[in-house]
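In: Generate coordinates for the sequence data below:
(chains A, B and C)
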Amino acid sequence: MRGWGRIFGSVIVLLFIFFGSISIAQDIKIGVAGPMAFIQGQHHWFGAEYAVEEINARGGVLVGGKRLPIKLIKIDTNEILNVPDAASAVERAITRDKVDFLVGGFRTEAVFAMQDVAMDYKKIFMGCGAAHPELCARVAKDYNKYKYWFRVTPINSMFLAKVDFILLGMVGKIMGMELGIPKPKVAIFAEKAVWADPIVAAAKENIPKMGMEIAGEWRPSATATDVTAELSAINASGAHIIFTTISGPMGIPYAKKWGELKIPAASVGINVEAQKKGFWEATGGLGNYDTTMNTYARVEITSVTIPFYDKFTAKAGEFPTYNAGTNDAIRILVNAIEKAGTLDADKLVPELERTDFYGAAGRIVFTKDHDVTWGPNFVTATGTQWQDGKLMCVWPVNWEGITYKGAVKYKIPPWVVEKWKKK
Amino acid sequence: MPVLFSFRKIRLFLSKEIFILPSRIIAFFFCLGLLVLPLLIKDPYLLRIIILSSIFAIFAASWDLLSGYTGQMNFGHALFFGVAAYTSAILNLRLGLPPWITIPIGALAAVVAGLIIGIPCLRLRGPYLALATLAFPIILMGIVFTIPGITGGELGVSGIKPLARSRILAYYVCVILMMGLGLVMWKIGDSKTGIIFHAIREDEVAVRASGINTTRYKLLAFSLSGFFAGISGGLYTHFIRIAGPSTLEVSLSFQAIIWAIFGGVVTIYGPITGVFLLYPLMEFLRIIPEIRTLLFALIVIVILLFMPEGLTTWIRDRMEEECPRCKVRNVAWRKACRVCFADLGKRSSEGGEHGV
Amino acid sequence: MIENILINGLIHGGVYALLAIGFSLIFGVARIVNIAHTAFYMIAAYFIYTFSTRMGLHPLLAILLSVVIVTLIGMGVYQLSIKPIQEHEITVLIITIAVAMVFQETVLLIYGGHFRGNPGLLTGFLEIFGVRVSYQHLLTLIVVLFVLLITWWILLRTRLGIAIRATAQDREVANLMGMNVHRIAMITMAIAVMMAAIGGVLIAPLSVVEPYMWLHPLVMVLAIVVLGGLGSIKGSLIGAFILGFTETLVVFLLPLGAFLKGAFSLMIMIVVLLLRPEGLFGVAFEEER
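Out: Sure, this is the predicted structure:
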């Protein structure tokens, strides 16, 4: 057991060395927290790097007459697998790496824990991944404690649902016009998760109001990997549209089997996997025509969107997903720092609250709960459809007077047309 | 312990009971070290790691109490942890009860869970029991997702009161509880009940044949283990301030088994050592985040290939041996037993028989 | 509806059977609870992804290579990390968990946490009684039946099979009769891993290829072998189809509770165990001390 003591001793000694080796900061340290082994964390990281490279190239951040470069600290939270790990990682970054600011976060359960740690240390945390309204509701409930939290992306899940229905309505309308289906039947296909529940509840209420009919409701587990049975059941139900709410890996086999079995119903809604570039390869092209809501698209949302989109894609080999919003988050932070002329969190909060910033995702303005504002001329989110190997923007097209330059018209899958076309 | 703090009595206790065996000396200094540590280092991150290690040490030790001692392999130990975590979290959030009430109630809920799965599982043996217990946390996870109004689904229950006002206070709560409960579990293992637990593992038929109601003892083991695991679950919830489905995951159950086996089962201190080595190791490996889990697994494999009975058992058997007559432990280099003076001289090769 | 349930249930059950029988074999012969069993299935899926999607080899060649390599890895794992400590059953268990973690982390390191997919050998579908069944599913079902038949034949009709069954029944007596128990365990391990690998290459095009894809099947396999009775091949086969059909039934009859299909299967397992503690076709362990 002597070895035990020795190991413990050397661990303590090593910790001391770490502790002692921290030099006096002449840069701004921003911690990027995310599951770095996974695509979400990688997008956090690439998004942040993209912003920081540009800012450092022009000399850094102007604080009180001095230009300070930004240093990014990678925080591997491992949050998808291990929640306490995430909170520990953030605390380690704050106390040991002395990060000044935090961006990132993905799995809601873990973001709650990380948010608490960051707030304990009064560190500004720009959320870039968890959509749950409660994260921002905490700001309203206990402003003094939680005021350091801001959500940059994605839009709050209530608005996610709203966009979702707008997309569904658009597809329903197009099907009605082109195929002459007066009252399309909609199959609700949503993974069993809390974030999907309000969407499903709203769907049951809204679909009849939108002049459509509900064909049935399927709730596979969020971690399911084979949904052939569900698809067969949907096929048997005679649905014209499948309204998807999927964030998990199931999005791939779903789209693959949907295309392979040529289930005669247009697929629209949220399918996070379909936002990724690898989707085409992963489904072997069978995911063609799948339509999903998205944060970015290669269209002119603002003047910076397309350059960002292209550079990110070249660098990461992937289309940016909402987690790449760390790019906007860091720019917003830097603007606030330069305006306030300080790194002091308490002085930065009011400056951040005044943010009005044209980012890659749109015009970002925070609500009084520090949530990103949704709406026409703010951040809108986009609708994207896979069209023969390309992820095209199909929404907003003529919505509230907005059409993003480069957007195209939604296409109904040919086998759906074939099945329902009036002969 | 002496009522009056006479220096002599303490010294006598130390020299007769502690400084007589290397393992006890190490345990003594380990505890002492943990108690004085925050006076020297106030680094919250280090304290956090030790707090989490203490919580998981209770958890791993409680697995040992059930599966190590009685041999009732529990693959679903996270059930106790999760039930207690959710119970304390919900009680705290809905009724506003303070942690020192919610944690014991959570632990009692875990006992009830232990009985609910213990009673039907009593008829199962060996691998059947192991695999059936694996199922319960997964079934409970299904229930958690069915009633998101209460459990928060995948988001978990958040907004819970912290364990203590300051980090140092939380540290002392967890560390002292870990030591206290560890001692209690170790004493249970050493008591008459503990001997029956041992016997059930070795030969249940023989135990039954000698007129002992093994069913009752197995249920007792399930409840005791559930209670201690429940306390760790409650502590965890209040420390991390969220109770989510990750407290019920298969990987947490497996983690407990890895810690316990790595440290050495049927010892209580083995699993505690296992956690206090492996959990900080995982944190230390953050310097190479990409391969930390891989290294962790490889270390576990290599150590277990060399020491298949676990680390502490292997080391203990090299430092101490058991007196063949009175079963008291002695330093390996002693010639006669420290209690009954039986000759130990040439029997050192049989020192490793214990706990096989 | 009924035809839907029938066909989907058969497909699910078939793949589960492939995995469960291998697991059951190695448990029966060597008393190893091999948690890494489905991890072999996972790495097989990655091998076929690498060979066919990344390197562009012919699918059949890719399948063959994947199965052979994974089988060799399986034998290596047995030789290096299980055999030396085989007497310590519980330690073996931890080692297999750690081996599974090693596989998972290695895959994560090389391929990242992306969800991958693999094109099937065949695309397109067939309508059977109005149910759309993809060719890949049909192929899977046929291969599964074929593999099961071969295994059946090896176990019942060959000398090797007799040796395997003898060892499973009583290791010591088999040893006394002059059988090399370790070699038989090694061969069994190879057969079991090979079945898992075949499962992996078949599933890769039907499902998602990702580093954690071994966890759900692991739980199902454990439930199946317990349900059917540990070490009983017949039990595993029947158990696999019972749970395959249960999952399908839940999806069709209770669409709102589709996420509960795993929980339902496990409940069936527990109910069976309550009625028959040794599973449907298991041997009572009462005498085994």
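In: give the contact list for the closest residue to chain A within chain B.
Out: Closest approach between chain B and chain A, counting by CB to the nearest CB: B:G153, at 3.3 Å. Placement of C-beta: from N, CA and C, glycine included. By CB atoms under 8 Å, 6 or more residues apart in numbering or on different chains, B:G153 lies in contact with A:A193, A:V194, A:D197, B:V144, B:F145, B:P245.
In: Show only the entries of those residues found in strands.
Out: Under the assignment DSSP state E, the contacts of B:G153 contribute nothing to strands.
In: Could you chop chain A up by domain?
Out: Following automatic domain parsing, one finds the domains of chain A at A:2-154+A:302-365, A:158-294+A:381-420.
In: Serialize the ones you listed to TSV and add fields for mean neighbour count, distance to C:E89 and mean pLDDT.
Out: Formatted as TSV, the domains of chain A follow (neighbours: other CB atoms under 10 Å in any protein chain shown; distance: least, CB to CB, whole Å; pLDDT from 0 to 100):
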stretch	mean neighbour count	distance to C:E89	mean pLDDT
domain A:2-154+A:302-365	20	26	87
domain A:158-294+A:381-420	21	30	89
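In: how about the nearest residue to residue 84, chain neighbours excluded?
Out: All of this is about chain A. Nearest residue to A:P84 in three dimensions, chain neighbours excluded: B:I240, at 5.5 Å (CB to CB, 6 or more residues apart in numbering or on different chains).
In: Not quite, go with chain C.
Out: Here the residue nearest C:P84, using CB to CB, 6+ apart, is B:L305, at 6.0 Å.
In: For the one you found, identify the helix or strand it belongs to.
Out: Using DSSP states H and E, B:L305 sits within helix B:292-306.
In: ditto for A:F189
Out: strand A:185-190.
In: Kindly report the same for A:W386.
Out: strand A:382-387.
In: list the helices and strands that strand packs on?
Out: On a contact count with 3 or more CB pairs under 8 Å, 6 or more residues apart in numbering or on different chains; DSSP states H and E, strand A:382-387 meets helix A:157-179, strand A:291-294, strand A:390-395.
In: Kindly reformat these as CSV and extend each row with distance to chain C.
Out: CSV is the format used below for those (distance: least, CB to the nearest CB, whole Å):
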stretch, distance to chain C
helix A:157-179, 19
strand A:291-294, 15
strand A:390-395, 16
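In: Tell me which of these lies nearest to C:I238.
Out: C:I238 sits nearest to strand A:291-294 of all those, at 41.2 Å, using CB to CB.
In: moving C-terminal of that closest one, what's the next helix or strand?
Out: Next along the chain after strand A:291-294, with elements defined by DSSP H and E, is helix A:305-316.
In: Look up how far A:E351 lies from the spatially most central residue of chain A.
Out: The C-alpha lying nearest the average C-alpha coordinate of chain A belongs to A:Y322 (CA atoms, centre = their mean; 3.0 Å). A:Y322 sits 24 Å away from A:E351, taking CB to CB, to the nearest Å as the criterion.
In: Kindly report the same for A:P264.
Out: The value you get for A:P264 to A:E351, if CB to CB is used, is 54 Å.
In: Can you pull the residues of the stretch 51-200 of chain B lying near chain A?
Out: Applying CB under 8 Å from any CB of the partner chain, we find that the stretch 51-200 of chain B lies next to chain A at B:L52, B:F145, B:P148, B:G152, B:G153, B:E154, B:L155, B:G156, B:S158, B:G159.
In: What ranges in chain B fall below the confidence cut-off?
Out: For chain B, the stretches flagged by pLDDT under 70 are B:1-5, B:345-356.
In: Okay, now stretch C:150-169: how far is its last residue from its first?
Out: For stretch C:150-169, the first and last residues are 21 Å from each other (CA to CA, to the nearest Å).
In: List the buried residues of that stretch.
Out: The neighbour-count check on stretch C:150-169 (16 or more other CB atoms under 10 Å in any protein chain shown) flags C:T151, C:L155, C:G161, C:A163, C:I164, C:R165, C:A166, C:T167, C:A168 as buried.
In: Low-confidence regions, the stretch 1-150 of chain C specifically.
Out: In the stretch 1-150 of chain C (pLDDT under 70), the answer is C:1.
In: how about the strands of it, start to end?
Out: Applying DSSP state E, counting those that start in this stretch to the stretch 1-150 of chain C gives strands spanning C:125-128, C:131-134.
In: List the residues that contact the closest residue to chain B within chain A.
Out: Using CB to the nearest CB, the closest approach of chain A to chain B is made by A:V194 at 3.3 Å. A:V194 is in contact with B:P148, B:G152, B:G153, B:E154, B:L155, counting by CB under 8 Å, 6+ apart.
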